[in-house]
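[1] 3D model of this:
(2 chains)
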2 protein chains.
Amino acid sequence: MDDITFAVLGTGGIGRRTLDVAQHKEGVTPVAACDRNGIAVDHDGLDVAELLDATEGNIASAPGDDDDARTDGGTTAVKQHGEDAGVVASAQGEPTETPIQDVIDEAVSENIDAVLMALPNLTHDFIPQTAERFAEAGYEGVLVDVLKRSRVIGMLDEREETFVESGMTFVCGAGATPGFLTGAAALAAQSFVEVEAVEIWWGVGLKSGYEDNRGTVREDIAHLDGYDIGTARDMSEAEIEELIDEHDGVLEFHDMEHADDVLLERAGICDAEDVTVGGVLDVRQDEKPTTTTVSVTGTTFDGETGTNTFQLDDCTSMEANVNGPALGYMKAGVRMNRDGRYGVFGPAELMPGF
Amino acid sequence: MDDITFAVLGTGGIGRRTLDVAQHKEGVTPVAACDRNGIAVDHDGLDVAELLDATEGNIASAPGDDDDARTDGGTTAVKQHGEDAGVVASAQGEPTETPIQDVIDEAVSENIDAVLMALPNLTHDFIPQTAERFAEAGYEGVLVDVLKRSRVIGMLDEREETFVESGMTFVCGAGATPGFLTGAAALAAQSFVEVEAVEIWWGVGLKSGYEDNRGTVREDIAHLDGYDIGTARDMSEAEIEELIDEHDGVLEFHDMEHADDVLLERAGICDAEDVTVGGVLDVRQDEKPTTTTVSVTGTTFDGETGTNTFQLDDCTSMEANVNGPALGYMKAGVRMNRDGRYGVFGPAELMPGF
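    Residues are numbered from 1 along each chain as shown, chains lettered A, B, ... in the order given. The predicted structure follows:
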């Protein structure tokens, strides 16, 4: 495959890590990145090392912005505010008041192959609406997101015709879960003619990355008993710390609304209600508190019932398992886009058919 | 996706099982099947139950034909010889002296979407040459095989231009291993930026299926120390029984030439030499003598080394793990073919990009 150029919308934890991982991958060249205040563009390829160094511990963030999951990727993160924060601190950065529109303009005029939307989960419809802006501008490439909310998939589907008319291929939910593990479930299903249950169980140890991932932690809290997205968003940092203290740093989640369910259903593998997602997050140590495991239980054509499993090594970090697959699914999306296959696709739909 | 029509070349163990599994799958309709003496065609869909019942324990096979892996799918297999054997015993069957050419003609004239080549491994180049006949006849669909020999991939590659000119998409090595497990390895690699080792280790218990799978067993024997494909092919049935007796029915294989290596290399995941394939075959009990496991060891972008694993439940039979994926990869191949993507592809190339 020819080289793929891509842009990153948002240079919080996920955006930064994607740029970092891309340095280790063949065939992908980051050409643009933006945050709230600035944009860096080089169609011959960004100097990722310079960009990451210049913005380490320095993320464009407005006061009171903590609830938008906009986090940086440094281990000594100090959020900075004002016009010198974030991408503009890089020699490649230029200030802008319209960073997303600037990336859209670059993507359309320079035919950037793909755009990774590593945007904060401000509202449910923020990513669908942003995708619509790309389509309205006539973008003909690939959008990838790493969203985790089941209901957003439907919002993307509602816009599918717009994406198809523009010639866009949208790969949604392409991180670790959904994403990596949804794909694994789709593949593990191949032994079976009927899938009865998919259980996705993740472990994340986040001590060294806790400061960088407060937004993700906040989003996870929405899945705890007695909380929802609204209440989690309204919690102060102090309230979150208190909650974490109450649990000695270890939060266990069950029955999460995590998009894997609808993504497996749309690939025809099982009903959404047969999918359960849960996991354990430990913010006080880096060791995973439990092993990330996908279990797919089904019946074979010859009448046996069994469970196939996929396990990630405990030493693979959340960042490795989000950003590797995000780039992998991006490559698959570009293949499809170049073949003229447009619309909205989940990870399981990029697997062998069920 | 619209319904997929497909033909099966060869109604030995794999061909029969594929027809059987297809009955449990949505969106795939078998419309033709052939064996040495006959062909059954119905473009509205074969009556698979009738075909399988009529040919149960009744497979077209010439005397002395045992070494060609042409096996049936029954548990009370009795090979029958003569002009009433095999597909012609079905009410849907017609005798023919040119079964492969007949399927080619049907596939071209009726636009059959895909053809599964469940042919005996007569010689290394038999499948490549048969594929070439499809291309020369102007076939514009998908060919799928479940081959296990690394060197055959190169022979297919040599013919890639011919396939592309015809508009054919060839998905090779799309059974259990290579196939299912190669795909799992490709997916498991997504945590890593560099893959150091892929270990594929399979267990097969074949007591009830032993008679049906003598050809497969013979091919496996070629991987034992002191044997190769030539010596295994030249062994008499009695010699094979003696060998199996010497091992108390349990054969253990290491460093098999099993195509997974070249298929992972061509997908850019690792070097062929980093892939090892082995396993344990027990022909005297159906329980698997070891759990089929794929282990992928690699390094993450953040410098950790770990091993991700994929395991099949011991109760999933070899047949389930060959034929489900064969149909799954066939569906993926048809997607690609309809998008105009032609050529030769291994299972790992149908996964997210590495």
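
[2] Tell me the span between the first and last residue of stretch A:146-154.
    15 Å (C-alpha to C-alpha, to the nearest Å).

[3] Okay, buried residues for it please.
    Using 16 or more other C-beta atoms under 10 Å in any protein chain shown as the test for burial, stretch A:146-154 gives A:V146, A:L147, A:K148, A:R149, A:S150, A:V152, A:I153. C-beta: built from backbone N, CA, C; applies to glycine.

[4] try stretch A:87-98
    A:V87, A:V88, A:A89, A:S90, A:Q92, A:G93, A:T96.

[5] ok, now stretch A:26-33?
    Buried, per 16+ other C-beta under 10 Å, within stretch A:26-33: A:V28, A:T29, A:P30, A:V31, A:A32, A:A33.

[6] Now do the SS call for the fifth one.
    What DSSP: H, G, I helix; E, B strand; the rest coil gives for A:A32 is strand.

[7] is it in a bridge, and if so with what?
    Beta bridges link A:A32 to A:A7, A:V41, judged by DSSP bridges.

[8] What's the separation between it and A:D245?
    Separation of A:A32 from A:D245 (C-beta to C-beta, to the nearest Å): 41 Å.

[9] got it, and the second one?
    According to C-beta to C-beta, A:T29 stands 44 Å off from A:D245.

[10] do the same with the last one
    Using C-beta to C-beta, one gets 36 Å for the distance from A:A33 to A:D245.

[11] what stretches of chain A score poorly on pLDDT?
    A:1, A:57-84, A:120-122 (pLDDT under 70).

[12] Remind me what the longest helix belonging to it packs against, helices and strands.
    Across chain A, the helix with the greatest residue count (assigned by DSSP state H) is helix A:318-338. The contact analysis (3 or more C-beta pairs under 8 Å, 6 or more residues apart in numbering or on different chains; DSSP states H and E) places helix A:318-338 against strand A:4-9, helix A:13-22, strand A:28-34, strand A:114-117, strand A:142-145, strand A:169-171, helix A:180-188.

[13] Repeat the analysis, applying 6 Å as the threshold.
    Counting contacts by 3 or more C-beta pairs under 6 Å, 6 or more residues apart in numbering or on different chains; DSSP states H and E, helix A:318-338 is packed against helix A:13-22, strand A:142-145, strand A:169-171.

[14] Of those, give the one that comes closest to chain B.
    helix A:13-22 (4.6 Å; C-beta to the nearest C-beta).

[15] Those residues of chain A touching chain B, which are they?
    A:21, A:24, A:180, A:183-184, A:187, A:190-191, A:193, A:300-302, A:304, A:306-313, A:315-317, A:320-321, A:324-325, A:328-329, A:331-332, A:339, A:341, A:352-353 (C-beta under 6 Å from any C-beta of the partner chain).

[16] Derive a ChimeraX selection command for the buried subset of the residues you listed.
    This is how ChimeraX selects the buried members of the residues of chain A next to chain B, with burial counted by 16+ other C-beta under 10 Å:
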select /A:21,24,180,183,184,187,190,191,193,300,301,302,304,306,307,308,309,310,311,312,313,315,316,317,320,321,324,325,328,329,331,332,341,352,353
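
[17] returning to what we had before: show me what secondary structure element comes after the longest helix of chain A.
    strand A:343-345 (DSSP states H and E).

[18] which neighbours does that following strand have in its sheet, and in what orientation?
    For strand A:343-345, pairing defined by DSSP bridges yields strand A:169-171 (parallel).

[19] before we move on, the earlier item: any idea which of the buried residues of stretch A:26-33 is closest to chain B?
    For the buried residues of stretch A:26-33, the nearest to chain B is A:V28 (8.7 Å; C-beta to the nearest C-beta).

[20] Next, please give the residue ranges for the strands of the stretch 151-300 of chain A.
    Counting by DSSP state E, counting those that start in this stretch, the segments of the stretch 151-300 of chain A that form strands are A:169-171, A:194-205, A:250-253, A:275-282, A:293-299.

[21] Show me how far the first one is from its chain's centre.
    Distance, stretch centre to chain centre, for strand A:169-171: 13 Å (C-alpha atoms, centre = their mean, to the nearest Å).

[22] Residues contacting that strand, please?
    With contact meaning C-beta atoms under 6 Å, 6 or more residues apart in numbering or on different chains, strand A:169-171 is reached by A:V142, A:L143, A:V144, A:F163, A:Y329, A:G333, A:M336, A:N337, A:Y342, A:V344, A:F345.

[23] before we move on, back to that, make a markdown table out of the helices and strands packed on helix A:318-338 and add distance to B:G13.
    As requested, the helices and strands packed on helix A:318-338 are exported to a markdown table (distance: least, C-beta to C-beta, whole Å):
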| stretch | distance to B:G13 |
| --- | --- |
| helix A:13-22 | 43 |
| strand A:142-145 | 41 |
| strand A:169-171 | 38 |
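
[24] Of all the ones you listed, which one comes closest to A:I127?
    With distances scored as C-beta to C-beta, the stretch of these nearest to A:I127 is strand A:142-145 (5.4 Å).

[25] tell me which of the contacts of strand A:169-171 is nearest to B:R133?
    A:M336 (30.5 Å).

[26] Can you name the residues bridging to the closest residue to that closest one other than its chain neighbours?
    Leaving aside its sequence neighbours, A:M336 sits nearest to A:T169 (C-beta to C-beta, 6 or more residues apart in numbering or on different chains; 5.2 Å). Listed by DSSP bridges, the beta-bridge partners for A:T169 are A:V142, A:G343.

[27] how close does A:T169 sit to B:V193?
    A:T169 is 25 Å from B:V193, by C-beta to C-beta.

[28] try A:A232
    From A:A232 to B:V193 the distance is 33 Å (C-beta to C-beta).

[29] do the same with A:E319
    As judged by C-beta to C-beta, A:E319 and B:V193 stand 12 Å apart.

[30] And for A:T276?
    Taking C-beta to C-beta, one finds A:T276 at 31 Å from B:V193.
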